[in-house]
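Trainee: structure for this input, please:
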Amino acid sequence: MPASEAASAVSGARPGDGSGGNPGTSTAMPFSGLLAREQALSAAINGVLSALFFALMFGLTPRLLANGAPDHFARDFLPQGLMVALMGALVPALVVRARLRREGRLARGAGPDAGAIARAVGLSVLGGLASGGALFALALVGPYAMMPLYPALLLKIVYGAVLGTAVTRAALIALYAGRVGTDEAAGRGDQGDTR
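Mentor: Reported below is the predicted structural model:
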């Protein structure tokens, strides 16, 4: 029996079915593709949720929103930054870990533990609060005390989508890039150094 078939028999994997932990198989999405997919989902979900919470807080009737009292539009960047960063890092981290284990690219029980995920999420939350705080301060000290409702809504959607994309990317790269390997590393392993 060839060595590759023996290894497959020991691991329970079939050659080429993606269950043996080979990220180069046809059924396993490359890490760059997985990263891009999660970033796009995070941008879409956080943009939509930002719009929904804006509608709950401020309504959708056209008017001017005050950055300070009585609307406190500027202050709303703080909870938005916190929640987008928290969910934009935590949910993709857990989803990707489950997917990589299911595909056999991480051994059962392997991968980042709860502590590593908590650290990545914590750093994301700090970044979200920092960006929210910066926008809060900028809105308060900027030249405009009020903002029309629909431009304000657009600003909140864009902020939620951009922040969600950023924290998802940072968390997934920190947690998984070194574990599953980059596409470039996989390509070098398959093809060898041609230089």
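Trainee: list the contacts of the spatially most central residue of the chain.
Mentor: Closest residue to the average C-alpha location of the chain: T168 at 1.7 Å, with C-alpha atoms, centre = their mean. Shown in contact with T168 (C-beta atoms under 8 Å, 6 or more residues apart in numbering): 38-39, 42, 88-89, 92. In short, each C-beta sits where N, CA and C put it, glycine included.
Trainee: if you set the cut-off to 10 Å instead, what comes out?
Mentor: 35, 38-43, 45-46, 84-85, 87-93, 96, 124 (C-beta atoms under 10 Å, 6 or more residues apart in numbering).
Trainee: from those residues, which land in helices?
Mentor: Residues of these located in helices (DSSP state H): 35, 38-43, 45-46, 84-85, 87-93, 96, 124.
Trainee: per-residue confidence at the residue nearest to the centre of the chain?
Mentor: Confidence at T168, expressed as pLDDT, is 98.
Trainee: give me phi/psi at it?
Mentor: Backbone torsions for T168, taken as degrees, to the nearest 10, come to phi -60, psi -50.
Trainee: distance of it relative to F136?
Mentor: Separation of T168 from F136 (C-beta to C-beta, to the nearest Å): 23 Å.
Trainee: ok, which stretches of this structure are strands?
Mentor: Remark: strands assigned in the chain by DSSP state E are 64-66, 146-148.
Trainee: let's have those in a markdown table, adding mean pLDDT and distance to R119.
Mentor: Formatted as a markdown table, the strands of the chain follow (pLDDT from 0 to 100; distance: least, C-beta to C-beta, whole Å):
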| stretch | mean pLDDT | distance to R119 |
| --- | --- | --- |
| strand 64-66 | 95 | 36 |
| strand 146-148 | 95 | 36 |
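Trainee: distance to R101 and mean neighbour count added to those strands, as TSV?
Mentor: As requested, these are exported to TSV (distance: least, C-beta to C-beta, whole Å; neighbours: other C-beta atoms under 10 Å):
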stretch	distance to R101	mean neighbour count
strand 64-66	46	16
strand 146-148	46	15
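Trainee: can I get those strands in a markdown table including distance to S131?
Mentor: Converted to a markdown table, these look like this (distance: least, C-beta to C-beta, whole Å):
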| stretch | distance to S131 |
| --- | --- |
| strand 64-66 | 20 |
| strand 146-148 | 18 |
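Trainee: among the contacts of T168, name the buried ones.
Mentor: 35, 38-39, 41-43, 45-46, 84-85, 87-93, 96, 124 (16 or more other C-beta atoms under 10 Å).
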